[in-house]
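In: missing the sequence, but the structure's below:
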């Protein structure tokens, strides 16, 4: 499955084949953001795409937000919308090569874009990128895993088994406030790094 590389994602943006892009902040994440009190937390949004979530956070006083994507086009799109956003917080890089640490990492259609063979590696990398008691928060797709992706699906039992060794699974349940197009197909989760 070597086809899902940087070139693949650049091509998807160039041809506007970006069905995951909803054009605004995902409702479950917006509701979570709105109850965050500490605006100094260091946040990563990997595989961020056009990153309306990062824009929402930035506009609400979170200035320690890092946006990462393999493809350059969505980062350029983001910078056009938010010219004041620091260039050094826009990371055009491979997630698996990132060397940094964060308090919070938000997952939104990144996990499902990775080939399933990379899932254990994703868990390890998230564990290493998070500070002590750091949290991975977001949405997973809840539909049968097939080889026809991305997006690649998964199930609640699969996610539980995959993350249980490295994370306390504080929340992992069907999302009750997904956007219309994804209702019934998303799980909301809050995982905390184990010490």
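Out: Sure, I can see it. Here the structure is a predicted model, which is why all the values come from computation and not from measurement. Residues are numbered from 1 along each chain as shown.
In: just list whatever residues bridge to residue 154.
Out: For residue 154, the beta-bridge partners are residue 143 (DSSP bridges).
In: right, and residue 155 touches residue 141 too?
Out: No: assessed by C-beta atoms under 8 Å, residue 155 is found out of contact with residue 141, at 9.5 Å. C-beta coordinates here come from the backbone N, C-alpha and C atoms, glycine included.
In: ok, the two, which is more surrounded?
Out: residue 141 (20 against 15; other C-beta atoms under 10 Å).
In: that one touches residue 186, doesn't it?
Out: Yes: Residue 141 is within contact range of residue 186, at 6.4 Å (criterion: C-beta under 8 Å).
In: which SS state does residue 135 fall under?
Out: Under DSSP: H, G, I helix; E, B strand; the rest coil, residue 135 falls in the strand class.
In: could you report the neighbour count for it?
Out: Counted with other C-beta under 10 Å, residue 135 comes out at 21.
In: gap between it and residue 111?
Out: Per C-beta to C-beta, to the nearest Å, residue 135 is found 15 Å from residue 111.
In: please apply the same query to residue 32.
Out: Per C-beta to C-beta, residue 32 is found 17 Å from residue 111.
In: neighbour count for these two, which is higher?
Out: When neighbours are counted by other C-beta under 10 Å, residue 32 and residue 111 differ, and residue 111 comes out ahead with 26 against 18.
In: now for that one: which residues touch it?
Out: Residues in contact with residue 111 (C-beta atoms under 8 Å, 6 or more residues apart in numbering) are 119, 122, 138, 140.
In: need the three-state assignment for the second one.
Out: Under three-state DSSP, residue 122 falls in the helix class.
In: show me the contacts for the closest residue to residue 134 other than its chain neighbours.
Out: Nearest residue to residue 134, sequence neighbours excluded (C-beta to C-beta, 6 or more residues apart in numbering): residue 193, at 4.9 Å. Residues near residue 193 by C-beta under 8 Å, 6+ apart: 127, 130, 131, 132, 133, 134, 135, 136, 166, 167, 168.
In: alright, that wraps it up for me.
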